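Colleague: okay, sequence plus prediction incoming.
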Amino acid sequence: MAFRTDQIFPYSLILTIFVATCSLELIPRNEGTEASACQAPENFPRDLELYKGEFHNWAEDLIVKGLWNAVPRTPTEVLKLVNWAYQHNYTIRPSGYMHTWAPTTVVKNTTECQHERVIVMKTNESLTQMKMTRNYPFPTVWAQSGANMGNIMSFLEENGYGFNASPAPGPITLGGVVAIAGHGTGIPAVGEIPTPGKSFGSISNLVVDFTAVVWDPKEEAYVLKTFQRSDPEAKAFLTSMGRVFILDMTLRVMSNYNLRCESRIDIPATELFADPKTVKPETRTISKIIDSSGRMETILFPFTARPWLKIWTVSPIRPFFSRATRQPYNYPFSDNIPQPVAAMASNISNGAWELTPAFGELEYDMVVSGLATSFSSDLWGPSKNLLLYIQATTLRLTENGAAILTSRKNIQRVIHESFAFFTKLVQEYQAKSKFPINGPLEIRVSGIDNPGDVGIPGAEAPAISPLYPVNANIFFSEYDVCIWFNILTFPSTPHAIEFLQRMETFFYETYNGDYALIRPEWSKGWAYKNNTSWSNDEMLQETIPKSLPHWNYSVATYDKYDPHRVFSNEFLDILFSA
């Protein structure tokens, strides 16, 4: 089964503020519709809000129009919706801000009324409550799955708490983040003192308890069930790609702290990503930067020599040259694309692929001037304001997702090898006047999901998280870091999927467990074959499941608690058939 990501819909550059649903049309209950319109679901509960809407993934290369969207506002209404779906042979696909690439919500580009029997449950429109809780000997926050991550972090800040690491976008739901093991960037700097509640893994690993919608064979209905993190079955729920539904959850948090974020644009990629065998004492490598600060990100625009390097450092007191910031999203030039960049991006997406080298240089110049004019090259403030830096108005690109687990001592080796192969491929295609990659190469380094971080006796790491420890002893793993390697490009770019498939083949042939191990980053692109994504049957049914020791256990748990596959779709049925 192939799910197309290229040459389906022309890419349209998004420069306006993102809205969660588009062209919404409220449908009166139990009223007839014209013959040309989609028929309303039969016997749909009268007291549940239902409207027609559109699903589009982040890159807008997966678009489904005329979907029925439901908005349950209470746990009781959630159960009413799910049990109605079970009784009427519908599936329920939870959805929030649609910041995803993989077909885990819906699977096909279709015209209105041609989709399957699907109800999209818009969690971000109603299931958004949150509160601080005192049920544990450490600080925790309880939130419903539709809560906005940016709002949660603001709420935590108001109460004196925060996360050690988090995804960069704010408008994403907590439920979506946990479903795909959303993560930030960073590992402990050399000499960094551990702090209670500090985890360098995924947000999923911070969950201490949760309430899920599950099938009860005695009741012959879907009901609510609360799981503690110490429950062996909990590990299957904490990364599921939406194969099960968590209604709400409690997460461990830490005392808030101040961060400094420095932007560097002067270090060549050849130096940052240098071969560790040739590094000199003065060479400024990623490994050395991480040893010093623990937290970094590089963004290398196509055909440019110097990445945009961000370095985060825990800094209780504002450094003299740092600008204090009281709000997140401090890079307006990357969220509100300047007109020259927008114009060239539009030309490229409409077929002028040969402009890619000039586009990369223009983007780099945009960052150089933007950092200067916004005074954002050296920022300091509460953690949230430095951890959140991507808004929905940025360029919409498709991207691959590779999570490479390795040991700290091999960070520089893996980054160098991957960058060298990437560069070789780019040059090979350029020699043939082909430009499959017109977006940046992004690299981050995080920790793994150490269950000891959550402080719950008997806790296990999220079972199918890419950050699940590579070791029989899950409290210690030689592979203690994960390198996230993302390549971005415009949808429909010729030869892009072919390029990404070759890159993925390199990853799996090179990082097979000898000194590193590759896994997919669930929300993005992977399992490439025949110019499509998420379609390589060998990877879907053998390679990926074998890389996660509790895969079969997780599949059995999903089938136990949702035997009627109400929370599934065609793609998830294939993926979780193993």
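Modeller: Nice, thanks for sending it over.

Colleague: only C-alpha atoms for contact and neighbour calcs from this point on.
Modeller: Will do.

Colleague: just how off-centre is the longest helix along the chain within its chain?
Modeller: Across the chain, the helix with the greatest residue count (assigned by DSSP state H) is helix 411-431. For helix 411-431, the distance between its averaged C-alpha position and the chain's averaged C-alpha position is 24 Å (Cα atoms, centre = their mean, to the nearest Å).

Colleague: distance of the nearest residue to Ala168 once chain neighbours are set aside relative to Asp275?
Modeller: With sequence-adjacent residues excluded and distances taken as Cα to Cα, 6 or more residues apart in numbering, Ala168 is closest to Leu388, at 4.6 Å. Applying Cα to Cα, to the nearest Å, the value for Leu388 to Asp275 is 32 Å.

Colleague: those two: who's more crowded?
Modeller: Leu388 (23 against 17; other Cα atoms under 10 Å).

Colleague: can you name the residues that contact the more buried one?
Modeller: 150, 166-170, 328-329 (Cα atoms under 8 Å, 6 or more residues apart in numbering).

Colleague: average pLDDT across the longest helix of the chain?
Modeller: What helix 411-431 shows for mean pLDDT is 99.

Colleague: before we move on, what about stretch 457-471?
Modeller: Confidence for stretch 457-471, expressed as mean pLDDT, is 96.

Colleague: pull out the buried positions in it.
Modeller: Within stretch 457-471, the residues scored as buried using 16 or more other Cα atoms under 10 Å are 459-470.

Colleague: farthest pair in those?
Modeller: Distances among the buried residues of stretch 457-471 were taken as Cα to Cα; the most separated pair is Ala459 and Pro466, at 17.2 Å.

Colleague: may I have stretch 95-114 as CSV, with CA atoms only?
Modeller: Listed in CSV are the C-alpha atoms of stretch 95-114, where the atom choice follows Å, rounded to 0.1, in the frame of the first residue of the first chain:
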residue,chain,number,x,y,z
SER,A,95,-6.9,15.7,15.5
GLY,A,96,-5.7,19.0,16.7
TYR,A,97,-3.6,21.6,14.8
MET,A,98,-2.6,19.1,12.1
HIS,A,99,1.2,19.7,12.6
THR,A,100,2.1,16.3,11.2
TRP,A,101,3.3,14.7,7.9
ALA,A,102,2.6,11.0,8.3
PRO,A,103,-0.8,9.6,7.4
THR,A,104,-1.8,8.7,10.9
THR,A,105,-5.0,10.7,10.9
VAL,A,106,-6.3,10.2,7.3
VAL,A,107,-4.5,8.4,4.5
LYS,A,108,-5.6,9.6,1.1
ASN,A,109,-6.0,12.8,-0.9
THR,A,110,-9.7,12.8,-1.8
THR,A,111,-12.4,15.1,-3.1
GLU,A,112,-15.4,16.0,-1.0
CYS,A,113,-17.5,13.0,0.0
GLN,A,114,-15.1,10.4,-1.4
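
Colleague: flag every buried residue along it.
Modeller: Burial within stretch 95-114, assessed by neighbour count using 16+ other Cα under 10 Å, is assigned to 95-109, 112-113.

Colleague: for the host helix or strand of Thr313, packing partners?
Modeller: Counting by DSSP states H and E, the secondary-structure element that holds Thr313 is strand 308-314. Here strand 308-314 touches strand 258-264, helix 286-293, strand 295-300, going by 3 or more Cα pairs under 8 Å, 6 or more residues apart in numbering; DSSP states H and E.

Colleague: change it to 10 Å
Modeller: Using 3 or more Cα pairs under 10 Å, 6 or more residues apart in numbering; DSSP states H and E as the contact criterion, the elements in contact with strand 308-314 are strand 258-264, helix 269-272, helix 286-293, strand 295-300, helix 356-373, strand 378-382, helix 383-387, strand 441-447.

Colleague: tell me the helix or strand right after that strand.
Modeller: Where DSSP H and E defines the elements, the next helix or strand beyond strand 308-314 is strand 323-324.

Colleague: gap between that following strand and the chain center?
Modeller: In terms of Cα atoms, centre = their mean, the gap separating the centre of strand 323-324 from the centre of its chain is 29 Å.

Colleague: got it, and stretch 452-470?
Modeller: On the basis of Cα atoms, centre = their mean, stretch 452-470 is displaced by 18 Å from the centre of the chain it belongs to.

Colleague: one more: stretch 85-102?
Modeller: Here the centre of mass of C-alpha atoms in stretch 85-102, compared against the chain's by Cα atoms, centre = their mean, lies 17 Å away.

Colleague: what about it, start to end distance?
Modeller: Using Cα to Cα, the gap from the first to the last residue of stretch 85-102 comes to 23 Å.

Colleague: tell me the contacts of Gly351?
Modeller: The contact partners of Gly351, by Cα atoms under 10 Å, 6 or more residues apart in numbering, come to 492-494.

Colleague: poorly predicted segments of the stretch 451-578 of the chain, please.
Modeller: Along the stretch 451-578 of the chain, the model assigns pLDDT under 70 to residues 472-477, 578.

Colleague: what do you get for the chain?
Modeller: Applying pLDDT under 70 to the chain flags residues 1-37, 111-115, 472-477, 578.

Colleague: domain ranges for it, per the record?
Modeller: For the chain, the domain assignment from automatic domain parsing gives the residue ranges 25-125, 130-256.
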